[in-house]
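Asks: take a look and give me a structure for this.
(chains A and B)
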2 protein chains.
Amino acid sequence: MADRPSFAYPPDEWEIIESDFRRDMLPRNESIFTVGNGYIGLRGNLEERRGSYHDGTYLNGFYDSNPIVYTEIATGYARNSQTMLNVTDGKEFRLWVNNEPFDLWTGTILDYRRVLDLRRGVLTREVVWRSPAGKSIAVRSMRAVSFTRRHLALISYSVESLNGEASLVLKSGLDGNMRNQESGKDPRVGSALKGQILKPRGWIVEGSFVALKHETRNTHFILLCAADHHLHTSCPFTMETELEPNHISVVYRIKLKEKEEIRLFKYLAYHTSRDHDPDELIALARQEVSAAREKGFESLLSDQKHFLMCFWEKSDIRIEGDPAVQQSLRFNLFHLLQSTGRDGRTGIAAKGLTGEGYEGHYFWDTEIYVLPFFIYTDPEIGRKLIEFRYGILDKARERASEMSQKGALFPWRTIDGEECSAYYPAGTAQYHINADIVYAMRKYTEVSGDLDFLRRDGAEVLFETARFWVDFGDYIPKKAGRFCLNGVTGPDEYTAIVNNNTYTNLMARDHLEYAVKTAKMLKQKYPDDFAEVSERISLTEEEILAWEKAASGMYIPFDSHSGIYPQDDSFFDKAVWSFEKTPEKCYPLLLHYHPLVIYRHQVLKQPDLVLALFLQGNRFTAADKKRNFDYFPERLA
Amino acid sequence: MADRPSFAYPPDEWEIIESDFRRDMLPRNESIFTVGNGYIGLRGNLEERRGSYHDGTYLNGFYDSNPIVYTEIATGYARNSQTMLNVTDGKEFRLWVNNEPFDLWTGTILDYRRVLDLRRGVLTREVVWRSPAGKSIAVRSMRAVSFTRRHLALISYSVESLNGEASLVLKSGLDGNMRNQESGKDPRVGSALKGQILKPRGWIVEGSFVALKHETRNTHFILLCAADHHLHTSCPFTMETELEPNHISVVYRIKLKEKEEIRLFKYLAYHTSRDHDPDELIALARQEVSAAREKGFESLLSDQKHFLMCFWEKSDIRIEGDPAVQQSLRFNLFHLLQSTGRDGRTGIAAKGLTGEGYEGHYFWDTEIYVLPFFIYTDPEIGRKLIEFRYGILDKARERASEMSQKGALFPWRTIDGEECSAYYPAGTAQYHINADIVYAMRKYTEVSGDLDFLRRDGAEVLFETARFWVDFGDYIPKKAGRFCLNGVTGPDEYTAIVNNNTYTNLMARDHLEYAVKTAKMLKQKYPDDFAEVSERISLTEEEILAWEKAASGMYIPFDSHSGIYPQDDSFFDKAVWSFEKTPEKCYPLLLHYHPLVIYRHQVLKQPDLVLALFLQGNRFTAADKKRNFDYFPERLA
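Replies: Sure thing, here's the model as predicted:
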């Protein structure tokens, strides 16, 4: 870790504050100060753009795909990549004061403060700046993505002259020349997409209303980014538009009086053909921004605040006496809300809507780490996330079939449901995704009491995935005829393709037991529903018996001598990684050691057995948990 | 298997005969009728080219490389592919008879016979053909690649008019527009190279002497393909040359009398900058073909026959009373000779010089399957193959270091020594390559009695690779402190990344024992050599003790109950593959099942334990061998 103050941001219970401008912190702050609503994400770039680490704007579920290249191909490999796209940038504002450009790399910053307000859902920035020629101004911007209006973002940009008059040129841009970040050698950073993915398909300029239309290269999705503007000022001004290739600016020229402040309001909308008829996008965008403009900026911010008041009422976790911890916790809850798709057709991208790491794919993290939070605080959102999985069940059935298995196998990483893991040992081999999804579904059902989903769509997911396990596993004579799940990768990706990953077996057993229990319950209480779903997937009574048998016969690796659950069958056969011989600069291990070296050792990225002890907590004694919890940290990288 | 006659070729002890022309057999016959000399390979294409499955000409070790694309990259992955190139085609002849083009797709084939003569090392073809307009001709061609002149190939092309006079146009071509075959979905077929790799860099036309010069795209090797011609005829003729882009033809127009035969001799030479100064290539080619032309076709064929007479004297294996078996055996020995690099800088490509499968890479097959043959019949060739490995020792040291290991790790697949396996579970993980090379080196030394190589370069290879094993393996408490080699793939690629592959452990033990024995022997008998090599690689006495300890402590999986050596630690933990449930159309398995499905089962591509029982035959009783031999075939795909 590089040197850094003990608090990156001053402890404050409701605000994340950047109180002095540090260029070296720009990349991190771009993520921290992202605002989003689960659909739109605006990365925390400075409006003036200069010095941006990566200008980013994302729409949950909006992606392009590309055939995956394999130098040595084999059967059943994932065919296409999918990458959440960096879309048209509508956050851009450029300012000239008496012909001097305003940015934080020139002149003198006299005062600086950026605040993400978790109660209001608004990002504000205030800069007092003296130009190289000595002109002093205050620039205040405000940015929010509406939680109540999915397609809408709001930005205002104010300029005040602090010493004498000034002539301003203020340009508000829509920039279609955006690219995704290239990942280079670190798979965690960005994507394999290169170059311009969004092809220009037209623009609209009608006074202060402007729009850019694009089409993705391979998926042929249509994107419409539109903005309307309103300049609040008593000073004289003119307005015109500038068209550059794939870029529109609305340009205001203003004679600013001393001590007066002008404020430009920008209502920004994103619509795509993933949700709407492509021919209707323009009309929808027009409607969205004109309704917003009519309602007004302050009124929209007040809706935002009200939405968040409700959110915090349901979701807040209060910590007394430690504002830093309180801040971290609320920041995290706020980002969960910002990241989560709430339309039943999207999930939670790997980096939320803050950046492009892991190509914006949805992983198991949704079900195991995020969904439980919503289940307890806002089960409706939880249900939407589960509905997303139901929506891709057909693709999961196809994937199981490609893997020569019955039932359904959910993708390890995906946007639209197709498996996108180009490295199957840490991808498709993570079959536990099936059990993770069912785990979340069960929790949702039990906590919310909502049986509706389970009776119809939920049962189909549950039974098809149970089917997969029984087809996949084998009763192995050498394991006393127990039911084994061989050749799998558990959540700990520093160990791959092993027999009987304990996490997977525990979760699959739970999954199968729940499938049996649910089948019996539905048969008894909702026989029509049960008959309907059984008919739909040709379910037989023998299959349910087979689930029961596999669950009760499930092999769970356990070393009775030490009382430790090994991570998998061969875990104790491996040498323990030598951390003493590992130089500081060789972390994270995956960027410095070939996977074969990592896989050969007892060394973990995450102790999945410990996670299983938590998720299946009712099946273990406290002593068991303690003993096993203590065993693994020493093997943790 | 498709229907085919019980003998693909009529049994003959010394000849491979194609006695009627079958279009459906063209692809196979192009491989079967390849002629080569371990450096040049001319695929068995028809001279007229029409209907070719793939026109191919190869030079052992002449390749281009390309960065390997990984959608998800990790540390230490092989960086570049290498592909043996399909080079300038000098086999081409085009014939027009009274303006009608001659090929086997038009007119009528009245007689046809193609023969590969294993005693003469010559491929001949005779066709009697009636043109659509009724003109009858006999076309006879003859093709050889000189075993005594590495850079030289010989072709003659004769035409006889059988009914009346004829005006002939005969074009002999050098075609630089060659491409490699694209592999599509079958990794066994071809390469990932697309498009034109050889860039034209000039041509020479001087009467009947013509040449084309090319440069490879990324490796920047220079290739010169040259040919001189001599037309033997008493008929009047003219000669001219035609230049098309990247293609030269020498064109003869001949007034052919009835019952007369003209014969065009072509002396074809290939030289590259891999062996020579690029500026000398033209002079060398000129010299080669003019010397050949001077010596004459028949005299060169007589050298060829003499070479083969010596070869068969040393190498023949005689089978009495079964000409078909005799034929197969000799055909195979002949192809071993044709495929094998004899210059100390090249090895044996996966498909020899007949085609592009597996990119023309050198694998372990050289040491385990081919080298022993030469060791017993022509140890000089054996030594050249071992020298090739010594030549790439530096790259093997680099590779070990990239894999965070000491010593040297030879590449699983390569042309110039750099690891090219883009799929490491069936590539780099096959560490047994180190032991395989040492096995062949030991056999060479013991059989030939030549200690020269071992005393100097051989010891360096032996010790550096022994070093690798000791650094790689671990003494595992749970295995009673035995020395284990974890996370490896054995020769059976239907099982990947396992602990203690028995083949690997047996071979590595033998390797380490031989290293210890050799170190002791050198120290005693050749102390200067030993001091020299020890100094060169900073070898310590402790290391040799460590080899001894690892060898004697080597863990060998064995099930005392059944007396079976399992293929690896977890082999018996896997379910046996169900061949009853595998439809005929699903073979080979790797083209129909995801690797995860195959790896999860007891199913083998090749029983490597059985191979180990053979290679380490002195360490097993006959009963052991029998019992284990009987166990594995049932698990064989």
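
Asks: for the residue nearest to A:Arg43 when sequence neighbours are not counted, give me its contacts.
Replies: Counting by C-beta to C-beta, 6 or more residues apart in numbering or on different chains, A:Arg43 lies nearest to A:Gly56, which is 3.5 Å off, once chain neighbours are set aside. In this view, the C-beta of every residue, glycine as well, is placed from N, C-alpha and C. Counting by C-beta atoms under 8 Å, 6 or more residues apart in numbering or on different chains, A:Gly56 makes contact with A:30, A:41-43, A:45, A:86, A:181, A:354-356.

Asks: residue ranges of the helices in the stretch 401-550 of chain A, please?
Replies: Shown for the stretch 401-550 of chain A, the helices assigned by DSSP state H, counting those that start in this stretch span residues A:432-448, A:452-453, A:459-472, A:502-525, A:527-536, A:541-553.

Asks: can you give me the domain boundaries for chain A?
Replies: Here the domain parsing of chain A from automatic domain parsing is A:88-311, A:392-635.

Asks: can you add distance to B:Thr414 and give the ones you listed back as CSV?
Replies: CSV is the format used below for those (distance: least, C-beta to C-beta, whole Å):
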stretch, distance to B:Thr414
domain A:88-311, 23
domain A:392-635, 17
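
Asks: closest one to chain B among those domains?
Replies: domain A:392-635 (3.2 Å; C-beta to the nearest C-beta).

Asks: quick check, the closest one touching chain B?
Replies: Yes. Domain A:392-635 is in contact with chain B by C-beta under 8 Å from any C-beta of the partner chain, via A:402-405, A:421-429, A:474, A:476, A:478-479, A:484, A:486-487, A:496-497, A:499, A:569-570, A:572-575, A:590-597, A:599-600.

Asks: buried subset of the residues you listed?
Replies: Buried subset of these (neighbour count, 16 or more other C-beta atoms under 10 Å in any protein chain shown): A:402-405, A:421-429, A:474, A:476, A:479, A:484, A:486-487, A:496-497, A:499, A:569-570, A:572-575, A:590, A:592-597, A:599-600.

Asks: among those, which lie within strands?
Replies: Applying DSSP state E to those, the entries found in strands are A:474, A:476, A:484, A:575.

Asks: quick one: pLDDT of the closest residue to the first one other than its chain neighbours?
Replies: In this case it means A:Asp474. Nearest residue to A:Asp474, sequence neighbours excluded (C-beta to C-beta, 6+ apart): B:Ala575, at 3.7 Å. Each residue has a pLDDT score; the one for B:Ala575 is 96.

Asks: ok, B:Ala575 touching A:Phe472?
Replies: No. Under the criterion of C-beta atoms under 8 Å, B:Ala575 lies out of contact with A:Phe472, with a separation of 10.4 Å.

Asks: got phi/psi on A:Tyr112?
Replies: phi -150, psi 140 (degrees, to the nearest 10).

Asks: for the stretch 1-150 of chain A, what lies in contact range of chain B?
Replies: A:68-77, A:81.

Asks: the same query, at a cut-off of 7 Å, please.
Replies: By C-beta under 7 Å from any C-beta of the partner chain, the residues of the stretch 1-150 of chain A that approach chain B are A:68-69, A:71-76, A:81.

Asks: sorry, back to before: which of the contacts of A:Gly56 fall in helices?
Replies: Judged by DSSP state H, the subset of the contacts of A:Gly56 located in helices is A:Glu30.

Asks: by pLDDT, rank the contacts of A:Gly56 and give me the bottom one.
Replies: A:Gln181 (89).

Asks: does it touch A:His54 like I think?
Replies: Yes. The criterion here is C-beta atoms under 7 Å, and A:Gln181 meets it with A:His54 at 5.2 Å.

Asks: now the common contact residues for these two.
Replies: Between them, A:Gln181 and A:His54 share no contacting residue under C-beta atoms under 7 Å, 6 or more residues apart in numbering or on different chains.

Asks: how about the nearest residue to A:Glu460, chain neighbours excluded?
Replies: A:Val533 (5.5 Å).

Asks: is that neighbour in contact with A:Ala459, as I believe?
Replies: Yes. Using C-beta under 7 Å, A:Val533 is in contact with A:Ala459, at 4.7 Å.

Asks: ok, A:Val438 - contacts?
Replies: A:462, A:465, A:511, A:514.

Asks: and A:Asp378, how far from chain B?
Replies: Look at A:Asp378 and chain B: by C-beta to the nearest C-beta, to the nearest Å, they are 34 Å apart.

Asks: neighbours around that residue, how many?
Replies: By other C-beta atoms under 10 Å in any protein chain shown, the residues close to A:Asp378 number 18.

Asks: tell me the contacts of the residue lying farthest from the centre of chain A?
Replies: Within chain A, A:Gly164 marks the point farthest from the mean C-alpha position, 46.7 Å out by C-alpha atoms, centre = their mean. By C-beta under 7 Å, 6+ apart, the residues touching A:Gly164 are A:Glu258.

Asks: okay, A:Val533 and A:Ala459: which has more neighbours?
Replies: A:Ala459 (26 against 22).

Asks: that one contacts A:Leu522, doesn't it?
Replies: Yes. The pair A:Ala459 / A:Leu522 is scored as a contact, 6.2 Å apart, by C-beta under 7 Å.

Asks: now the strands for the stretch 251-400 of chain A?
Replies: Secondary structure of the stretch 251-400 of chain A (DSSP state E, counting those that start in this stretch): strands located at A:261-272, A:350-353.

Asks: possible to save those strands as CSV with distance to chain B?
Replies: Output for the strands of the stretch 251-400 of chain A, formatted as CSV (distance: least, C-beta to the nearest C-beta, whole Å):
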stretch, distance to chain B
strand A:261-272, 25
strand A:350-353, 13
